[in-house]
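Trainee: sequence plus predicted model, see below.
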Amino acid sequence: MLRVGMIGWRGMVGSVLMQRMREEDAFSGIEAIFFSTSNAGGPAPAESADGAVLRDASDLKKLAACDVLMSCQGGDYTSQVFGPLRTSGWKGYWIDAASTLRMEPDAVIVLDPVNGALIREALAQGTRTFVGGNCTVSLMVMAVGALFQAGLVEWMTTMTYQAASGAGAAHMQELVRQMECLVEPTRASPSETALELDRMMIEAQRTDSIPTREFGVPLAGSLLPWVDRDMPDGQTREEWKGMAETNKILGLYPQVPVDGICVRVGTMRCHSQGLCIKLTKDVPLKDIEQILAGAHAWARVIPNDKESTLRCLTPTAVSGTLMVPVGRLHKLKLGPKYLGAFTVGDQLLWGAAEPLLRMLSILRSHIGS
Ligand code: HSE
């Protein structure tokens, strides 16, 4: 039976992965070993095949006894154990949510509804390192990757509206605490005018009492046009990943330029993106809609009307689902080769846990387990 080591299964992405694995019955037929960086010897989940005890996540021998290691523990952990494991001769499969290894030449970024063929080819050639993509990129590629694959994209800009979850669980909690701080003063004076409410809001945002330890500034009632650390040429690292990872996921050569501005907004777990696509030719909108709708089982083309858009193309509608709707599709006034689009996706599902869960299943078919 395939021995699968789980690391970082208690964090936010790990918890979503565990939930999805249970829903998909992914623990049956495998021997799951649960590791911990802080609680070795503690009780393991019911699915544990190893005496229901947590193993030490820094124990290279224990790790190396697994055929597959799935890590949602984060980049520092990957940096700490992956190199030594490989150097020690471990030939198992490493499936990771962290960005550390994504751009390594012998690692594949997994997003099988769009690059399943590339994943299977890599497995056949002996690749053993598989990494989930950046959430923003994965969700965008799920939505419009088919246009790239059809050779229809000359370049693309993406303006993002990224949820608090992308920054981590503590950020989601802080966002809600900030919202409470904003609403609190209005409870005392429920009948104020809009301008009076506005004054109370800005005052609450600018006081020292609003919690800002995670974001540094208030996000509630505001937005933050900066995600991740800075890079040369004025980009943030999140913006840099747009082009690097899109091209790697889709195996595009020559590379298609992708760039934009990444913005954090006060939503909980859905990333949204406004896209401007320069097409390689003037393709009729109907054909574009057909390509996008037929891309995979989770693609949804939302009619470009107000009712459908507000019902189906918002974080509120999409959160907690695997659907990746794309809408607002129309030719921009810039010219017939310029396509406007808007897409929304759950950052914790297709943006994080789902590609890993599916990679395990692809791997099991590959090795016949
Ligand atoms: N870097 C992303 C964000 C999250 O901050 O929203 C995961 O890829």
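Mentor: Looks like it arrived, so ask away.
Trainee: name the residues that touch stretch 278-291?
Mentor: 146-147, 150-156, 301, 329-331, 336-339 (CB atoms under 8 Å, 6 or more residues apart in numbering). (Each C-beta comes from the backbone N, C-alpha and C, glycine too.)
Trainee: quick one: buried residues of it?
Mentor: By 16 or more other CB atoms under 10 Å, the buried positions in stretch 278-291 come out as 278-279, 283, 288-289, 291.
Trainee: do stretch 137-150 as well
Mentor: Within stretch 137-150, the residues that count as buried by 16+ other CB under 10 Å are 137-150.
Trainee: export it to PDB, keeping only CA atoms.
Mentor: Extracted in PDB, the C-alpha atoms of stretch 137-150 (Å, rounded to 0.1, in the frame of the first residue of the first chain):
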ATOM      1  CA  VAL A 137      -2.400  32.300 -11.200                       C
ATOM      2  CA  SER A 138      -4.100  28.900 -10.800                       C
ATOM      3  CA  LEU A 139      -7.500  30.500 -10.600                       C
ATOM      4  CA  MET A 140      -6.900  32.700 -13.700                       C
ATOM      5  CA  VAL A 141      -5.500  29.700 -15.700                       C
ATOM      6  CA  MET A 142      -8.600  27.600 -14.700                       C
ATOM      7  CA  ALA A 143     -10.700  30.400 -16.000                       C
ATOM      8  CA  VAL A 144      -9.000  31.400 -19.300                       C
ATOM      9  CA  GLY A 145      -6.100  29.000 -19.800                       C
ATOM     10  CA  ALA A 146      -8.000  27.400 -22.800                       C
ATOM     11  CA  LEU A 147      -7.500  30.700 -24.700                       C
ATOM     12  CA  PHE A 148      -3.700  30.500 -24.200                       C
ATOM     13  CA  GLN A 149      -3.800  26.800 -25.200                       C
ATOM     14  CA  ALA A 150      -5.700  27.700 -28.400                       C
END
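Trainee: quick one, grab the pLDDT at the residue in the stretch 1-150 of the chain that the ligand sits nearest to.
Mentor: In the stretch 1-150 of the chain, the residue that lies nearest the ligand is Cys135 (3.5 Å; CB to the nearest ligand atom). Confidence at Cys135, expressed as pLDDT, is 98.
Trainee: contact partners for the residue nearest to it when sequence neighbours are not counted?
Mentor: Once flanking residues are discounted, Cys135 sits nearest to Gly351: 3.0 Å by CB to CB, 6 or more residues apart in numbering. Going by CB under 8 Å, 6+ apart, Gly351 touches 135-136, 138-139, 166, 271, 345.
Trainee: list, one by one, the residues from the stretch 101-250 of the chain near the ligand.
Mentor: Residues of the stretch 101-250 of the chain that fall close to the ligand, judged by CB under 6 Å from any ligand atom: 134-136, 162, 166-167, 227-228, 238.
Trainee: any of the contacts of Gly351 buried? List them.
Mentor: By neighbour count, with 16+ other CB under 10 Å, those hold 135-136, 138-139, 166, 271, 345 as buried.
Trainee: does Val131 count as helix, strand or coil?
Mentor: Of the three states, Val131 takes strand according to DSSP: H, G, I helix; E, B strand; the rest coil.
Trainee: thinking it is in contact with Met103, fair?
Mentor: No. Using CB atoms under 8 Å, Val131 makes no contact with Met103, being 9.1 Å away.
Trainee: so between the two, which is more surrounded?
Mentor: Each of Val131 and Met103 has its neighbours counted (other CB atoms under 10 Å); Val131 has more, 26 against 13.
Trainee: CA atoms of stretch 191-209 as CSV?
Mentor: Taking C-alpha atoms only, stretch 191-209 is exported to CSV below (Å, rounded to 0.1, in the frame of the first residue of the first chain):
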residue,chain,number,x,y,z
SER,A,191,-29.9,56.9,12.7
GLU,A,192,-26.9,59.0,11.4
THR,A,193,-26.8,60.3,7.8
ALA,A,194,-24.4,58.7,5.2
LEU,A,195,-21.9,61.5,5.7
GLU,A,196,-22.0,61.0,9.5
LEU,A,197,-21.5,57.3,9.0
ASP,A,198,-18.6,58.0,6.7
ARG,A,199,-17.0,60.3,9.3
MET,A,200,-17.3,57.5,12.0
MET,A,201,-15.8,54.9,9.6
ILE,A,202,-12.8,56.9,8.7
GLU,A,203,-12.3,57.9,12.3
ALA,A,204,-12.4,54.2,13.3
GLN,A,205,-10.0,53.3,10.6
ARG,A,206,-7.5,55.9,11.7
THR,A,207,-7.5,55.2,15.4
ASP,A,208,-4.8,53.1,16.9
SER,A,209,-7.3,50.8,18.4
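Trainee: tell me the pLDDT of whichever residue of the stretch 101-250 of the chain sits closest to the ligand.
Mentor: Of all residues in the stretch 101-250 of the chain, Gly166 sits closest to the ligand, with a separation of 1.9 Å (CB to the nearest ligand atom). The model reports Gly166 with a pLDDT of 98.
Trainee: next one: the one 3 residues further on
Mentor: The per-residue pLDDT reported for Ala169 equals 97.
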